[in-house]
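Engineer: Need coordinates for the below:
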Amino acid sequence: MKPAFAPLCLVLALAGCQSNEGPTGESMSTNDLAGKQPKISQNELEAFCPPVRVRQGTASLSRYARGGDGDPSKLAFQASLGETSRACSRADGNLTINVAAAGRVIAGPAGAPASAVLPIRIAVTRGDEVLYSQLQKQEVAINAQQATQFIFKDPNIVIPIPAERNVMVQLGFDDGAK
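Structural biologist: Numbering: from 1, shown residues only. Now for the predicted structure:
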């Protein structure tokens with residue numbers, strides 16, 4: 001094929017992706033597609049889904065070789081939590097919150113184990129009141145040559161639907177759970 005025809009072939013190939021045929025080959029309109037999706041009410045669009053944040057002072061976790069606490073040369077691995085997200089659904093007067101957080105583990109100079117169990121606590125609070133608190137163990141395989149990424153998820157948070165928008169989800173490493 002000549003290079004001058006390459007752009008034309010690309011355009012024709014992409015145009016084929018713009019089909020409006022359904023799975024059986026019949027033509028489908030935008031109205032057909034819209035009719036099959038659940039309707040979302042204005043209340044659902046405006047509904048409160050508590051913000052998620054990594055609790056201050058709990059974004060990283062360091063583990064050292066035996067007897068080397070605090071000695072950088074004895075660091076076995078360091079883990080950190082970063083971006084968070086959440087999704088909420090409502091049913092029977094309850095709010096179900098599905099929380100996820102991205103993290104990574106880096107091997108230290110003392111040599112990391114093949115895997116690590118990371119203690120991650122997730123809590124839902126309203127002011128000083130704790131509505132939900134759960135310590136979870138996240139197992140992560142550690143690559144000694146490069147950072148290992150992981151995703152922490154807790155899809156099982158259920159609380160009564162809050163009357164006010166004063167609820168917050170916090171998560172972080174629970175260093176007291178060695």
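Engineer: all contacts plus neighbour counts: C-alpha atoms, from now on.
Structural biologist: Fine.
Engineer: This structure: helices as residue ranges?
Structural biologist: Ranges of helices within the chain are 6-16, 30-35, 42-46, based on DSSP state H.
Engineer: quick check: domain ranges of the chain?
Structural biologist: 3-35, 48-173 (automatic domain parsing).
Engineer: beta partners of the spatially most central residue of the chain?
Structural biologist: When the chain is reduced to its mean C-alpha position, the closest residue under Cα atoms, centre = their mean turns out to be A100, at 2.6 Å. When assigned by DSSP bridges, A100 has beta-bridge partners S85, K153.
Engineer: Surely it and G82 touch.
Structural biologist: No - when contacts are counted by Cα atoms under 8 Å, A100 is not listed as touching G82 (10.3 Å).
Engineer: Tell me where the chain is predicted with low confidence.
Structural biologist: By pLDDT under 70, the low-scoring segments of the chain are 1-46, 177-178.
Engineer: All the strands of the chain, residue numbers only.
Structural biologist: Secondary structure of the chain by DSSP state E: the strands cover 52-54, 60-64, 75-91, 94-107, 115-126, 129-141, 148-160, 167-173.
Engineer: for the fifth one, packing partners?
Structural biologist: Contact here means 3 or more Cα pairs under 8 Å, 6 or more residues apart in numbering; DSSP states H and E; on that basis strand 115-126 packs against strand 129-141, strand 167-173.
Engineer: Deepest in the core, which of the strands of the chain is it.
Structural biologist: The highest mean neighbour count among these belongs to strand 167-173 (a mean of 22), with neighbours defined as mean count of other Cα atoms under 10 Å.
Engineer: how near is P119 to S133?
Structural biologist: The gap separating P119 from S133 is 13 Å, by Cα to Cα, to the nearest Å.
Engineer: Enumerate every residue touching T148.
Structural biologist: By Cα atoms under 8 Å, 6 or more residues apart in numbering, the residues touching T148 are R104, V105, I106, V140, A141, I142.
Engineer: Which of the helices and strands packed on strand 115-126 sits closest to D69?
Structural biologist: When those are compared for distance to D69 using Cα to Cα, the nearest one is strand 167-173, at 17.1 Å.
Engineer: Residues contacting the closest one, please?
Structural biologist: Contacts with strand 167-173, where a contact means Cα under 8 Å, 6+ apart, come from 50-55, 58-61, 81, 118-127.
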